[in-house]
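Visitor: My questions are about this predicted structure, shown below with the sequence.
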Amino acid sequence: MKKKIAIIGAGIAGLTLANFIKKYTDHEFMVYEREESLSLEEGYGIQLATNSIKILNQISFDKIDKEKIFHPKIVDFYNIQNEKICDLNLSKFNSPEVKYTTLQRSTLIEFLKEDIYTQHLRFGKKIKEVSELKDKVLIKFDDNTNDLIDFVIAADGIFSNTRSFFEAKKNEPRFKKAIAARIILNSKSELDINDENISLMIGSNGHIVLYPVNKKKELNMVCIIRCKKYEPDKVKQLIEETVLKQNPKLKNIFENEIKTWPLYFSPRIIPSSNKKVFYIGDAFNGFLPTLAQGAGQSIESSYEIFNLLKNDKLDKENDYFEIRSKRAKIIRRRSNFNFFIFHFSSKIMQNIRNLFLKFLVKRKFFVKRYLGKVFKN
Ligand SMILES: Cc1cc2nc3c(=O)[nH]c(=O)nc-3n(C[C@H](O)[C@H](O)[C@H](O)COP(=O)(O)OP(=O)(O)OC[C@H]3O[C@@H](n4cnc5c(N)ncnc54)[C@H](O)[C@@H]3O)c2cc1C
């Protein structure tokens with residue numbers, strides 16, 4: 001039976017779900033976004049592993065302009081002094097149609113908005129009140145419009161405001177005592193790296209990830225640094241004291257415009273207490289960025305909801321929460337573990353970690369278990 005769905009939030013999760021509903025079903029839906037426009041900020045890179053590319057190809061991601069994406073095949077591990085430790089071949093998870101892909105977030109959002117922008121997206125919408133009427137949910141927005149729907153899909157990010165309307169239990173995101181700094185580089189500058197690969201430079205209390213985001217090989221650089229408090233005015237000082245102290249030669253790459261933000265994660269995975277309400281993407285669970293799976297999991301969770309909807313199982317007893325939380329736990333364990341081992345400050349621990357890394361990246365069994373399980377190979 002035809003249903004009416006409200007998707008709250010036009011990020012990667014909400015827009016992916018909207019595309020699937022539009023392409024494969026007759027259900028009525030609307031995406032409600034709080035902001036007045038989509039955030040198409042240039043630069044911010046995204047890595048998409050094969051688990052998410054396989055899904056996106058079903059909504060024609062394989063037709064995207066190839067100049068705007070890149071397919072790195074290898075992750076090179078370096079210490080923060082830019083000395084190579086080892087490398088990991090990512091291409092073994094690829095197939096001719098489904099390849100590990102890097103791109104700007106704006107490229108992905110542009111692609112996802114194309115088919116839904118005019119008819120299925122409303123801006124400046126923030127929920128003011130919700131109530132249940134028989135089998136339906138009435139949502140009132142603070143611009144005094146409303147919508148009576150069958151399902152609410154909350155895709156409004158890690159600080160999901162939708163939760164506060166439907167859930168008694170809070171799940172406040174926690175500050176990880178770390179910040180992220182992002183810079184776009186036009187070239188690899190004086191860095192001794194291969195600009196076709198993903199370069200991961202690990203140091204004491206901080207690490208740097210660089211990867212090309214298009215065929216021009218513009219590089220996205222993200223630097224994660226541990227710190228007790230997020231103080232935007234003191235980020236330059238923090239970079240000096242943590243990263244540049246370990247390798248002054250990196251000074252050049254921090255001269256471009258830096259964007260910073262604090263890192264948060266969801267402390268718990270909590271089920272929805274309302275059969276009409278589902279959480280996807282970061283609203284379901286926010287991960288640390290150290291496995292580069294946040295967007296991938298947003299895409300996976302959208303696809304799971306779409307399949308339930310398509311098979312008319314969304315309002316029946318379904319296993320969405322069990323399946324999603326099992327998957328989220330796998331990703332969370334690995335993201336947390338990576339965060340832990342990327343930041344050792346003791347030289348002895350760093351040396352032991354590097355020995356293990358060298359050994360493990362060449363072990364097929366380990367790579368298949370550690371990453372294959374995430375990339376679903
Ligand atoms: C440093 C860093 C690097 C990362 N790198 C990667 C990577 O390489 N690969 C990867 O897969 N992931 C990465 N991620 C994670 C990834 O960006 C996120 O997990 C993903 O974007 C989450 O998508 P989402 O749609 O769930 O939420 P969001 O992108 O947060 O979108 C939520 C949307 O909802 C809107 N909204 C919020 N509140 C309301 C409201 N009350 N009403 C209506 N709308 C609302 C927001 O404006 C926004 O448009 C990274 C994250 C960080 C911090």
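Guide: Nice, thanks for sending it over. Numbering: from 1, shown residues only.
Visitor: okay, CA-based contacts and neighbour counts for the rest of this
Guide: Will do.
Visitor: The ligand contacts on the chain?
Guide: Within the chain, the residues that sit near the ligand (C-alpha under 6 Å from any ligand atom) are 8-14, 32-35, 46-48, 125-126, 155-157, 160-161, 180, 263, 281-283, 289, 292-296, 298.
Visitor: which residues touch the longest strand along the chain?
Guide: Secondary structure of the chain per DSSP state E: the longest strand is strand 174-185. With C-alpha atoms under 8 Å, 6 or more residues apart in numbering as the contact definition, strand 174-185 has outside contacts at 43-44, 218-230, 253-254, 256-267.
Visitor: ditto for stretch 57-73
Guide: Stretch 57-73 is touched from outside by 19-20, 23, 53, 56, 89-91, 97, 99-104, 107, 111, 196-198, 211-217, with contacts defined as C-alpha under 8 Å, 6+ apart.
Visitor: and if we set it to 7 Å?
Guide: Contacts with stretch 57-73, where a contact means C-alpha atoms under 7 Å, 6 or more residues apart in numbering, come from 19-20, 89-91, 99-103, 196-198, 212-215.
Visitor: next one: it to chain centre, how far?
Guide: For stretch 57-73, the separation from the chain centroid amounts to 17 Å (computed by C-alpha atoms, centre = their mean, to the nearest Å).
Visitor: Now do the strands in the stretch 51-200 of the chain.
Guide: Assigned by DSSP state E, counting those that start in this stretch, the stretch 51-200 of the chain shows strands spanning 69-70, 74-79, 84-89, 101-104, 121-122, 127-133, 136-141, 146-149, 151-154, 174-185, 198-203.
Visitor: will you turn the ones you listed into TSV that also has mean neighbour count?
Guide: Compiled in TSV, the strands of the stretch 51-200 of the chain are given as follows (neighbours: other C-alpha atoms under 10 Å):
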stretch	mean neighbour count
strand 69-70	22
strand 74-79	21
strand 84-89	17
strand 101-104	24
strand 121-122	19
strand 127-133	14
strand 136-141	18
strand 146-149	18
strand 151-154	24
strand 174-185	19
strand 198-203	25
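Visitor: In CSV: these, plus mean pLDDT.
Guide: What follows is the strands of the stretch 51-200 of the chain, written out as CSV (pLDDT from 0 to 100):
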stretch, mean pLDDT
strand 69-70, 98
strand 74-79, 98
strand 84-89, 98
strand 101-104, 97
strand 121-122, 98
strand 127-133, 95
strand 136-141, 97
strand 146-149, 97
strand 151-154, 98
strand 174-185, 95
strand 198-203, 98
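Visitor: Nearest to Lys362 among the ones you listed would be which one?
Guide: Taking C-alpha to C-alpha as the criterion, Lys362 comes closest to strand 84-89 out of the strands of the stretch 51-200 of the chain, the separation being 7.3 Å.
Visitor: avg pLDDT for stretch 321-331?
Guide: If you average the pLDDT over stretch 321-331, you get 97.
Visitor: what's the first-to-last distance across stretch 142-151?
Guide: Across its full length, stretch 142-151 reaches 19 Å end to end, with C-alpha to C-alpha, to the nearest Å as the criterion.
Visitor: Give me the residues contacting it.
Guide: For stretch 142-151, the external contacting residues (C-alpha under 7 Å, 6+ apart) are 3-6, 125-128, 136-140, 276-277.
Visitor: Over to stretch 232-244?
Guide: In this structure, residues lying in contact with stretch 232-244 by C-alpha under 7 Å, 6+ apart are 205-206, 250-251.
Visitor: Next, give phi and psi for Ile64.
Guide: Geometry field for Ile64 lists phi and psi as phi -60, psi 150, criterion degrees, to the nearest 10.
Visitor: What is the burial count for it?
Guide: Number of residues near Ile64 (other C-alpha atoms under 10 Å) recorded here: 13.
Visitor: now Phe166
Guide: Counted by other C-alpha under 10 Å, the residues lying close to Phe166 total 15.
Visitor: contacting residues for it?
Guide: So Phe166 contacts Asn274 (C-alpha under 7 Å, 6+ apart).
Visitor: Need the buried ones from the contacts of stretch 57-73 selected in PyMOL.
Guide: When burial is assessed using 16 or more other C-alpha atoms under 10 Å, the buried subset of the contacts of stretch 57-73 is captured in PyMOL by this command:
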select buried, resi 19+20+90+99+100+101+102+103+196+197+198+212+213+214
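Visitor: Give me the subset of the contacts of stretch 57-73 that lies in helices.
Guide: Assigned to helices by DSSP state H, the following of the contacts of stretch 57-73 qualify: 19-20.
Visitor: ok, back up a step: of the contacts of stretch 232-244, which is the most crowded?
Guide: Of all the contacts of stretch 232-244, the highest neighbour tally under other C-alpha under 10 Å goes to Gly206, namely 24 neighbours.
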